[in-house]
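# give the three-dimensional model of this entry:
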Amino acid sequence: MLGSVLILSALLIGLLPVMAFAAQGDPNETDYWKALYPHAIACYKYDPPDQQNFHGYLVDDQKAVVLNEFQDGWPGDHWEVLIVKSGNEPGNTGLNGQNVYEHPQAGVKYYGPLNGGGKQGAVSHWIVCKGKTPETTTTSTMPTTTSTMPTTTSTEASTTSTQATTTSTAPVDYCNAQNKPGGISLAAWLELGGNPDCLDIAIEAACGMVTGGISRNETIWDTWAVAFEEAPATYDLGNAQFGSMSFPEDHNGGSVVVAYYLVGPEADYGKISGEPNFWLQNAATIVVDTDCQEPSTTTTSMPSTTTTSEPTTTTSQPTTTTSQPTTTTSEPTTTSSSVQPTRYACDEETNDVVEVGPDDPGYESAKATREEAEDDCTEVLPTVVTTTPEDPEDELPFTGFDSDILFGIALVLSAIGATLLVMTRRLGDEV
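Numbering: from 1, shown residues only. Take a look at the predicted model:
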């Protein structure tokens with residue numbers, strides 16, 4: 001019995017730190033770590049762990065977290081603490097499956113604890129806090145010297161006067177996150193200050209594009225921006241456009257609805273800005289006209305002013321020299337240099353002089369004058385050869401039929417005729 005009591009007492013004593021630790025808050029939330037680290041200015045939780053942000057990203061198949069370089073415009077001056085949750089292997093460091101890295105460095109891979117099977121699991125969520133290095137004060141003590149004058153003793157009555165002092169407290173600038181004291185989260189501190197509105201955005205639409213920017217910024221960061229998407233908003237910063245968004249002519253049939261929202265380095269200020277923002281996912285929309293080109297008036301729609309519709313243009317004039325071939329033939333002296341003159345040739349069939357135009361295949365070989373063509377006709381007439389040359393050697397070759405052959409044929413026909421005559425007479429005598 002005594003042994004059981006001792007065992008139970010040991011268990012209770014062992015559970016006391018855990019119970020006290022659990023009573024301080026939820027380690028899976030940012031407020032817990034802000035309260036735990038007095039130098040923490042602001043803490044951020046990323047769940048799901050791969051969501052777009054300004055602070056870090058996942059590597060090694062989402063098993064490790066890598067922080068970005070700390071920016072000058074952010075609250076604080078360093079990374080205070082990084083909490084990576086992946087598994088909950090007994091015996092490993094980490095609270096509820098979390099590994100805690102104080103003052104982490106940018107560019108380093110930080111893993112969570114191993115899972116129940118002893119393997120490195122994927123990151124389920126991670127929390128990072130920005131910290132501010134506390135200012136150090138130096139106190140110096142000046143030594144004092146006491147001198148005693150033994151020869152003279154004087155006593156003077158002293159009068160003590162008390163002046164009332166008035167203490168005035170300067171108003172707190174809640175838009176400056178560096179004024180936040182330790183031990184309280186930024187969201188809770190802003191709530192104490194009435195959730196001040198420290199940001200304004202301005203949106204302007206023109207034909208074919210929309211622009212947006214920060215018109216008022218009383219925070220300590222200058223990395224705020226306006227994100228644009230075609231509506232509906234997906235809040236995927238990898239596909240959003242920042243500062244402006246433009247569209248081609250007649251995009252989406254002449255108009256497009258664009259969603260816009262505030263993005264920036266600090267969610268707590270963005271949520272209370274009163275502007276549509278990424279964290280509350282309450283994007284606003286604006287319609288952008290994409291039918292920007294003015295309707296143009298073409299010349300074909302004005303028949304009274306265009307050249308192509310005028311019946312009196314030079315292209316439709318039937319009286320031009322190109323459409324009057326009779327003019328050029330009758331007036332060769334006035335024909336322009338572009339019109340070729342008519343030539344003459346001898347027609348071999350009729351033996352007459354005919355006119356040859358530029359389109360005739362025999363134009364190049366034709367004569368320039370009618371007289372030259374008549375000479376050609378005279379040379380080819382068979383009647384031109386009418387005299388017998390005096391010199392037999394100059395006699396032209398015979399082109400007719402041979403007379404000896406004709407004479408032989410005549411003798412044969414005469415013999416045949418005589419034979420027929422004799423036979424006819426004999427037949428008559430016999431009768």
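
# ok, now which ones touch Ala122?
Asp61, Gln62, Lys63, Ser86 (C-beta atoms under 8 Å, 6 or more residues apart in numbering). All C-beta spots, glycine's among them, are computed from the backbone N, C-alpha and C.

# the third one: neighbour count?
Read it as Lys63. 17 (other C-beta atoms under 10 Å).

# gap between it and Lys85?
Distance of Lys63 to Lys85, given as C-beta to C-beta, to the nearest Å: 12 Å.

# so what sits against both of the two?
Shared contacts of Lys63 and Lys85, defined by C-beta under 8 Å, 6+ apart, are found at Gly112, Val123.

# low-confidence stretches in the stretch 201-350 of the chain?
Judged against pLDDT under 70, the low-scoring parts of the stretch 201-350 of the chain cover residues 296-339.

# so which residues of the stretch 201-350 of the chain form strands?
Along the stretch 201-350 of the chain, counting by DSSP state E, counting those that start in this stretch, strands occupy 209-217, 225-230, 241-242, 244-246, 255-263, 284-289, 343-347.

# deepest of these, which one?
Stretch with highest mean neighbour count among the strands of the stretch 201-350 of the chain: strand 225-230 (a mean of 22; mean count of other C-beta atoms under 10 Å).

# that one vs strand 284-289, what angle?
Between strand 225-230 and strand 284-289, the angle comes out at 60 degrees (axes from the mean of the first three to the mean of the last three C-alpha atoms, to 10 degrees).

# what strands line up against strand 225-230, and which way round?
strand 241-242 (antiparallel), strand 255-263 (antiparallel) (DSSP bridges).

# now the ones you listed in TSV, with distance to Val210?
Output for the strands paired with strand 225-230, formatted as TSV (distance: least, C-beta to C-beta, whole Å):
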stretch	distance to Val210
strand 241-242	10
strand 255-263	5
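
# of these, which approaches Leu280 most closely?
When the strands paired with strand 225-230 are compared by C-beta to C-beta, strand 255-263 sits nearest Leu280, at 8.6 Å.

# for that closest one, C-alpha coordinates in PDB please.
C-alpha atoms of strand 255-263 as PDB (Å, rounded to 0.1, in the frame of the first residue of the first chain):
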ATOM      1  CA  SER A 255     -15.000  44.300 -69.600                       C
ATOM      2  CA  VAL A 256     -13.600  42.300 -66.700                       C
ATOM      3  CA  VAL A 257     -14.200  42.200 -63.000                       C
ATOM      4  CA  VAL A 258     -11.000  42.500 -61.000                       C
ATOM      5  CA  ALA A 259     -10.600  41.600 -57.300                       C
ATOM      6  CA  TYR A 260      -8.100  43.500 -55.100                       C
ATOM      7  CA  TYR A 261      -6.900  43.300 -51.500                       C
ATOM      8  CA  LEU A 262      -4.100  44.500 -49.200                       C
ATOM      9  CA  VAL A 263      -1.000  42.400 -48.600                       C
END
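
# quick one: contacts of it?
199, 201, 203, 205, 210, 212, 224-233, 235, 237, 240, 242, 245, 247, 270, 273, 275-278, 281-291.

# give me the beta-bridge partners of the residue lying closest to Gln98 once chain neighbours are set aside?
Nearest residue to Gln98, sequence neighbours excluded (C-beta to C-beta, 6 or more residues apart in numbering): Lys85, at 4.4 Å. With DSSP bridges as the criterion, Lys85 is bridged to Gln98, His125.

# how near is Lys85 to Val100?
Remark: distance between Lys85 and Val100 (C-beta to C-beta) = 10 Å.

# what about Tyr32, which SS state?
Using DSSP: H, G, I helix; E, B strand; the rest coil as the criterion, the local structure at Tyr32 reads helix.

# was I right about it contacting Asp26?
Yes. Using C-beta atoms under 8 Å, Tyr32 is in contact with Asp26, at 5.7 Å.

# all strands of the stretch 51-200 of the chain, in order?
Assigned strands in the stretch 51-200 of the chain, in chain order: 56-59, 64-67, 78-85, 98-102, 109-111, 125-131, 199-206 (criterion: DSSP E, counting those that start in this stretch).

# partners of the last one in the sheet?
This means strand 199-206. In the sheet, strand 199-206 lines up against strand 209-217 (antiparallel) (DSSP bridges).

# contact partners of the partner strand?
Residues contacting strand 209-217 (C-beta under 8 Å, 6+ apart): 198-205, 224-226, 228, 243-247, 258, 260, 286, 288.

# now the end-to-end length of stretch 349-366.
One end of stretch 349-366 sits 16 Å from the other (C-alpha to C-alpha, to the nearest Å).

# okay, buried residues for that stretch please.
Going by neighbour count (16 or more other C-beta atoms under 10 Å), the buried part of stretch 349-366 is Val353, Val354, Val356, Ala366.

# so what's the nearest residue to the third one once chain neighbours are set aside up against?
In this structure, Val356 finds its nearest non-sequential neighbour in Ala366, 4.2 Å apart by C-beta to C-beta, 6+ apart. Counting by C-beta under 8 Å, 6+ apart, Ala366 makes contact with Arg343, Tyr344, Ala345, Val356, Asp360, Ala373.

# which of those residues lies closest to Cys175?
Cys175 has its nearest neighbour among these in Asp360, at 100.8 Å by C-beta to C-beta.

# need the contact list for that closest one.
Residues near Asp360 by C-beta under 8 Å, 6+ apart: Ala366.

# looking at Tyr32 and Asp26, which is more packed in?
Applying other C-beta under 10 Å to Tyr32 and Asp26 shows that Tyr32 carries more neighbours, namely 19 against 10.

# still on that earlier bit, when Lys85 and Val100 are compared, which one has more neighbours?
Between Lys85 and Val100, Lys85 has the larger neighbour count (other C-beta under 10 Å), namely 24 against 18.

# hang on, that one packs against Tyr110?
No. Judged on C-beta under 8 Å, Lys85 makes no contact with Tyr110 at a distance of 11.3 Å.

# which residues do these two both contact?
Taking C-beta under 8 Å, 6+ apart as the contact definition, Lys85 and Tyr110 share the neighbouring residues Asn99.

# quick check, pLDDT for the residue nearest to Gln98.
Listed pLDDT for Lys85 reads 92.

# which ones are touching it?
The contact partners of Lys85, by C-beta under 8 Å, 6+ apart, come to Asn28, Gly94, Asn96, Gly97, Gln98, Asn99, Gly112, Val123, Ser124, His125, Trp126.
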